[in-house]
Structure formats: structure tokens, C-alpha cells
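> Here is a sequence together with a model predicted from it:
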Amino acid sequence: MSTNLRNVIEDHALQRVPLEERKSWLNLSWNTMGIVSTLVQLLVGGVVTFTAGIYVGLAAAILVTIIGALLGWLVGHISYKEGLSSTVIARYHGLGSMGSIIASGIYGFMIIGMLALENALLYEGILFYFKLQSNLTNAIVIYGILSLAWILIATFGIKLVTRVSSVTVVLFLIVLVYMVATSTSHSGMTWAQILSHGAIFPGGNSGSHFITAVNLLIGSAGALALVDADYGRYAKSSGDVFLMALLGNIMMDIIMFLTGSILIFVGFKTVQQYYIHGGMSPADAANAALNNVGATFIILGGFAGTLLMLLAQAKAQVLNTYSSSLALSNLFDTLKLRPGRFFMVILANIIGLLMIAGNILGLINSWLTVLGVITTCLAVVMVADYFIVQKRAKDLEAYKGEAVNWAGVITVIFGSVVAMLLQKTIPIPFVTSTVISLIFYPVLRNYVLKPQTGYADSILTDKKM
């Protein structure tokens, strides 16, 4: 393998991104917008508005967009300055070299879990469209083709990933607009009816609906902030990082929220009747209409709906594979193993397939809220270390820090546990975990568990900006 090809494949997974390879916000935003424009996010939009109604749901979405963009900007700024991915940054800002295994494990498990979940959605959608049975042969063929595609594209670094993402995002948005236009015109509803409906699920009031909506939407904020860091290391300026993070959050919490709520609302009765005609009871048909989002778009749009499903998932899967490979690269490197990022790309897809085969996707789904809180804690600890404790002054070239930054590790664990335990008292765990991380970590780091230097572990070779 030539040196140039090897460098393309490694894609600075463990080293700084050099200045000459930095990119603009427009180039990088295709990735942050692409990774969140999925069927899962469309489904979240429908669930939020069925729970809270359009107006309350939109208010929650705007709040989450602002919070997510700010958090993504702050974490992404650190990566822009240091030129390193999120999990490598955790070595120097928050967890220590060996402690960053926690970041790689949590973030990697969440991203690979999403890779598996969205592969499963694609698989079910393909079976539905072609009216195939779910059996071992079909699973091997379909999952094999999908995984091979993600591996091939994600292997050749950020340039190819960005190029694929930019094309698929544009095509996805075109098909999405077409789907919204055709489904609303055939629904017999006016736009006033579509954009003003209240909560459909029984129970609760505006206050409880708002809290539920925020919790449903903000669960991805911490993970997206770490994704912003993975791409922010390629940014030319902090302003590019901000725009990249803002556009990703607007895509996730405004565009996908609104289009998902519209499509699922106007198509609900049509899809429910489809399942009733197939022999389901009205209650089971209603549940299927709300949850089988891939089938929903196929029923509503036929070929266009199927194309929407493929475009939505394909770009996200390439980006999930790419981010997974970065997290796994740091994880293996902390264990003194460097088989290369290409190996990590393959390994991420193998782990995702094992998750599907082991039928643990339900477990992953049930833990997404907890994982969202933990990733948020991690992101805020990194921000607190960089801006409050270190005051942006750490010289990573000469840095020889701890194997484990116990102040950061304890804060991530303590903040996550307390946030979940106090959920009945403070119903938005994100608020609790953020406040604890911002206050508890600087106090612990500055006055109790002070930095212990002397652990030599530098993987940096490029000059600092």
C-alpha cells in the first residue's frame, strides 16, 4: 500500500489534522446534517407532536436547537484548536489517557448502536418493499451488501465521506419535499389543520408535554456535540465550527422534527388502514403505523418513499461508521494496539451486525436516554476542563499528564447517576448533568484531585495551532 493511500485511510485518526487540510463550514456541515437526517429523527418528530402537539413540540425543538448548537460549538472549538477527534481530546481535557477508554466505550457503543438500529430499519424496509420473508439467506445478503457499502465509503477518509454526504443530503431533501407535498395534498387536510393540531396521546398538560418533548429531543445533544468535535478538527476557524454545529442541530431538531411530524400525522390513518386490511387489530395497526417508519414512507410514497428511506439511512450509516472508527481507534490505541483505522471501520460494522444477531437492539434503544445523559456529561466536562480549569492554556506538545483524570471520571459517573436518580424532581436530566459537570468538575479538579503529571503519553507530532 502506498504511503499516500495509507494516509488517506488513516485520516489523522490519532494525530492532529494539519492546517493545509482544514475545510470551511459549508464543506463540513454536510456531515453534521447528514448524520442526523434519518428515519429515526423523522419518527422522533412524529412521536413528539403526537405527545405534545405542534406548538409545544416546536417550542421544545427551538430550545433544544439553541442548547445543542452551543454545546456542539464549544466542544467542536476544542477539537478545532487541537486538531483532534472527540475521544482523543478526552485524553487531554477531561479523562486522562487511559480514562479516555470510557469516552471511546460510551460514544462508540452509542454510535455503533445507532449503526445497528438504522441497519435494522433499512433491512425491514427492504423486506417490506420487495415483499420478502425475513430469513437467514435474506439477512446475510442484505446486511452483507449494506455493510460492504458503508465500509468501502468510510474507509477512504473525510473527503469521500463528505462528497457522498453532500450529494445524498441534497437528494434526500428534494425527495423529502416531494413526499411532504404529495402526502399532504392527498390527505384532504388543510395546512392550518396540519400545523396546529394538539396532543393526540391522552394525558398530561402543556407543562408535562413540554418536558417530555425536551427529553425526547435533547437525548442526542451530547452525542451530536461529540460528532461536531470529530468534524470540527478539520475546521478552518471557530466560526466554521459554530455554523457547522448550528446547521446540524437545525437539521435534527427543526427540519427533521417538522417534516417527521407532518408526514406521520397526515399519513397515520392511511398506514393504519393498510395494517388493518392485513389482519391487524386497530390498536396493533395504530402502533405499527407510528413505529414502523420505513414501511410508513413506502406505503405513502411507493418508490419515492423507498428512495427517501435509502437516502436517509445510507448517508447516516457512512457517517456512523466513520465516527465509530475514530472512537475505536482511540480505544485500541490506549491499549497500545494500532491495527489501523481500516480495521476499525470493519470492526464497527461487525459489532453492529453482532448487535442485530444477538437481538440486543431493544436494550440499546432503552438505554439511549441514559447514554444521552452520559455523553452530555462527558462533553460538558471537556468544555469545563478546557475553558474553566485549563483556561485554554495547556501546551499539548509538552503535556505529560495522568493515565486517569479521576476528577473527570468521577464527575461523569456522578453527574449521570444523579441526573437519572433526580429525574422525578428535576424532570430534564440534561439540566442536572450539565449543572453538576460545570460546577463539580472544576472544584474537584482544582482543589481535591489536582493534576498529577509524569505519565508520558503523547501521540502528537504536528505543530500546535
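The structure has been received and is ready for your questions.

> rest of the way, CA atoms for contacts and neighbours
Will do.

> quick one: low-confidence ranges for this structure?
Low-confidence segments of the chain, defined by pLDDT under 70: 1-3, 360-368, 392-401, 453-465.

> excluding its backbone neighbours, what's nearest residue 322?
Using Cα to Cα, 6 or more residues apart in numbering and skipping the chain neighbours, the partner closest in space to residue 322 is residue 154 (5.4 Å).

> In a helix, the one you found, correct?
Yes. Using DSSP: H, G, I helix; E, B strand; the rest coil, the assignment for residue 154 is a helix.

> Where does residue 189 sit: helix, strand or coil?
coil.

> Any idea how many residues pack against it?
Residues lying near residue 189 (other Cα atoms under 10 Å) number 12.

> roughly how far apart are it and residue 103?
Using Cα to Cα, to the nearest Å, residue 189 is found at 47 Å from residue 103.

> next one: residue 35
For residue 35 relative to residue 103 (Cα to Cα), the value is 20 Å.

> And these two? Which one has more around it.
Shown here are residue 35 and residue 103; by other Cα under 10 Å, residue 103 has more neighbours (29 against 26).

> List the contacts of that one.
87, 90, 95, 327, 375, 378 (Cα atoms under 8 Å, 6 or more residues apart in numbering).

> Please indicate which of these has the highest neighbour count?
residue 378 (34 neighbours).

> I'd like to know which elements the helix or strand where that residue lies is packed against.
If you go by DSSP states H and E, residue 378 is part of helix 368-383. Packing contacts for helix 368-383, counted by 3 or more Cα pairs under 8 Å, 6 or more residues apart in numbering; DSSP states H and E, involve helix 54-82, helix 100-130, helix 221-232, helix 406-421, helix 429-443.

> mind putting these in JSON lines, distance to residue 273 included?
Listed next are these as JSON lines, based on distance: least, Cα to Cα, whole Å:
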{"stretch": "helix 54-82", "distance to residue 273": "24"}
{"stretch": "helix 100-130", "distance to residue 273": "16"}
{"stretch": "helix 221-232", "distance to residue 273": "36"}
{"stretch": "helix 406-421", "distance to residue 273": "39"}
{"stretch": "helix 429-443", "distance to residue 273": "38"}
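
> Just tell me which of these ends up closest to residue 347.
Closest to residue 347 of the helices and strands packed on helix 368-383 is helix 100-130 (Cα to Cα; 10.0 Å).

> how far off helix 406-421 does the closest one point, in degrees?
With axes from the mean of the first three to the mean of the last three Cα atoms, to 10 degrees applied, the angle from helix 100-130 to helix 406-421 works out at 50 degrees.

> Tell me how far helix 100-130 lies from the chain's centre.
10 Å (Cα atoms, centre = their mean, to the nearest Å).

> Okay, angle between that helix and helix 368-383 too, please.
On the basis of the same axes, to 10 degrees, helix 100-130 is oriented at 140 degrees to helix 368-383.

> Go through helix 100-130 and flag the buried ones.
Residues of helix 100-130 classed as buried: 100-129 (neighbour count, 16 or more other Cα atoms under 10 Å).

> How about stretch 236-254?
Buried residues in stretch 236-254 (16+ other Cα under 10 Å): 236-238, 240-254.

> Of the helices and strands packed on helix 368-383, which is nearest residue 268?
So among the helices and strands packed on helix 368-383, helix 54-82 is nearest, using Cα to Cα, at 15.5 Å.

> Between helix 221-232 and the closest one, find me the angle.
Using the same axes, to 10 degrees: helix 54-82 against helix 221-232 is 40 degrees.

> who does whichever helix or strand comes after helix 54-82 touch, helix- and strand-wise?
Sequence order places helix 86-92 as the next helix or strand after helix 54-82, per DSSP H and E. For helix 86-92, the elements it packs on are helix 54-82, helix 100-130, helix 221-232, helix 303-334, judged by 3+ Cα pairs under 8 Å, 6+ apart.

> Of those helices, give the one that comes closest to residue 407.
So among the helices and strands packed on helix 86-92, helix 100-130 is nearest, using Cα to Cα, at 12.7 Å.

> now the angle between helix 303-334 and that closest one, please.
Using the same axes, to 10 degrees: helix 100-130 against helix 303-334 is 160 degrees.

> you'd agree residue 378 is up against residue 412?
Yes. Under the criterion of Cα atoms under 8 Å, residue 378 makes contact with residue 412 at 5.9 Å.

> Report the set of residues contacting both of these two.
Here residue 378 and residue 412 share no contacting residue, scored by Cα under 8 Å, 6+ apart.

> Show me the contact partners of stretch 139-157.
Residues contacting stretch 139-157 (Cα under 8 Å, 6+ apart): 8-11, 119, 123, 160-161, 314, 317-319, 321-322, 341-342, 345-346, 349, 353.
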